[in-house]
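Engineer: Model the structure of this input:
(one chain, ligands or ions: 2)
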Amino acid sequence: MRRTLFIATLLAATTAAFAQDGGIGGLRHGTPLDVEATPPPIPSVVNSDIRQVRNWPEQPPVIPHHIDNYQIDLNVNKCLTCHSRTAVEVSQAPMVSVTHFMNRDGQVLAAVTPRRFFCTQCHVPQADTEPLVENTFQDVDAVIGSSPTSGTP
Ligand code: HEC
Ligand code: HEC
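Structural biologist: Ligands and ions are numbered 1, 2, ... in the order given. This next block holds a predicted model:
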């Protein structure tokens, strides 16, 4: 009997905690446990074909086009049918950069290195949506501009 009461109290406390969580925290986003939420619509993928700014030099550029059903596995790499060294003349896509040919010792190989074969490990398309959390990232140019020593070489 006491155990049932304890479990009931625990459940009530958890439900209350979830109900209060109106923020980003829980996966249920404040929906009570006994309610089934309407899932938000799946945001559309940006398909502008306009290459985006890189926020720092080593950033893998984001993908400005759809990649639905683009297969990347042992036998096929759909991305390389446009982005490989030999494909770009026809596709007019930017070629994968030379780092994609380097092994871990920095030696440039003849073909894309296995380390860079699974493109979507690093490159991702963007969803047309509001940021889920606040982001205070500053571009390096802004950081340099606001530094007290800015202007000095
Ligand atoms: C049908 C040809 C084609 C295929 C297949 C393709 N791309 Fe692209 N990609 C392009 C073209 C063309 C651009 C240049 C911008 C544009 O027109 O969208 C581009 C742009 C990009 C860029 C931006 C480069 C930059 O400097 O900003 C990335 C990253 C990229 N693609 C990655 C991929 C990945 C990863 C895949 C596979 C999942 C892929 N692409 C498949 C044609 C293709
Ligand atoms: C391990 C992470 C990683 C993987 C995997 C990877 N890339 Fe990249 N990619 C990068 C980074 C980082 C850059 C930017 C710096 C550079 O060029 O190395 C880049 C740059 C690019 C660029 C722009 C090149 C330029 O000179 O403007 C293209 C296009 C690209 N990648 C396509 C691809 C494709 C296609 C694949 C799959 C075959 C792939 N990448 C796999 C990290 C990766």
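
Engineer: what residue is smack in the middle of the chain?
Structural biologist: Nearest residue to the geometric centre of the chain (C-alpha atoms, centre = their mean): Val124, 5.4 Å.

Engineer: ok, now how distant is that residue from Ile67?
Structural biologist: When distances are taken as C-beta to C-beta, to the nearest Å, Val124 and Ile67 turn out to be 9 Å apart. Quick note: C-beta positions are derived from backbone N, CA and C, even for glycine.

Engineer: do Val112 as well
Structural biologist: Relative to Ile67, and taking C-beta to C-beta, Val112 is found at 17 Å.

Engineer: Which one of the two is surrounded by more residues?
Structural biologist: For Val112 and Ile67, the more surrounded residue by other C-beta atoms under 10 Å is Val112, and the numbers stand at 19 against 16.

Engineer: now do the same end-to-end measure for stretch 131-142.
Structural biologist: Using C-alpha to C-alpha, to the nearest Å, the end-to-end distance of stretch 131-142 comes to 21 Å.

Engineer: Next: stretch 63-83.
Structural biologist: Separation of the first and last residues of stretch 63-83 by C-alpha to C-alpha is 12 Å.

Engineer: For this protein, which residues are neighbours of ligand 2?
Structural biologist: The chain has residues 58, 60-61, 77, 79-80, 83, 94, 96-97, 99-100, 112, 116-119, 121-123 near ligand 2, with proximity defined as C-beta under 6 Å from any ligand atom.
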